[in-house]
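Enquirer: Give me coordinates for this.
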Amino acid sequence: MSVRSSHSDLDAVDERITFIEGEVEARDNELRKLGEALVANPQFDIQGKVKLIDGEWYWLLLGQ
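Expert: Model (predicted):
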């Protein structure tokens, strides 16, 4: 059994993979920033948010 794909199908798959890789990299960067903030004297507010080094506030969701 052979599978035939057009170049446009392969291009679409390649674009999707590139998009997903970008999303994963962005999430990794956010997790890295959060880890750095938690190590370097984090500031927490009463609602459970943490202020990162870049001055942005992020929710900390336990168990995720």
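Enquirer: any low-confidence regions in the protein?
Expert: 1-5, 40-55, 57-64 (pLDDT under 70).
Enquirer: how about the helices in it?
Expert: 7-39 (DSSP state H).
Enquirer: ok, now how distant is residue 13 from residue 25?
Expert: 19 Å (Cβ to Cβ, to the nearest Å). Backbone N, C-alpha and C define where each C-beta goes, glycine included.
Enquirer: try residue 39
Expert: Separation of residue 39 from residue 25 (Cβ to Cβ): 21 Å.
Enquirer: and residue 37, how many neighbours?
Expert: Residue 37: 18 surrounding residues under other Cβ atoms under 10 Å.
Enquirer: Same check on residue 39?
Expert: With other Cβ under 10 Å as criterion, residue 39 counts 8.
Enquirer: now swap in residue 34 and tell me
Expert: Residue 34 has 16 neighbours, counted by other Cβ under 10 Å.
Enquirer: And for residue 38?
Expert: 13.
Enquirer: ok, it to residue 28 distance?
Expert: Residue 38 sits 16 Å away from residue 28, taking Cβ to Cβ as the criterion.
Enquirer: Noted, bye for now.
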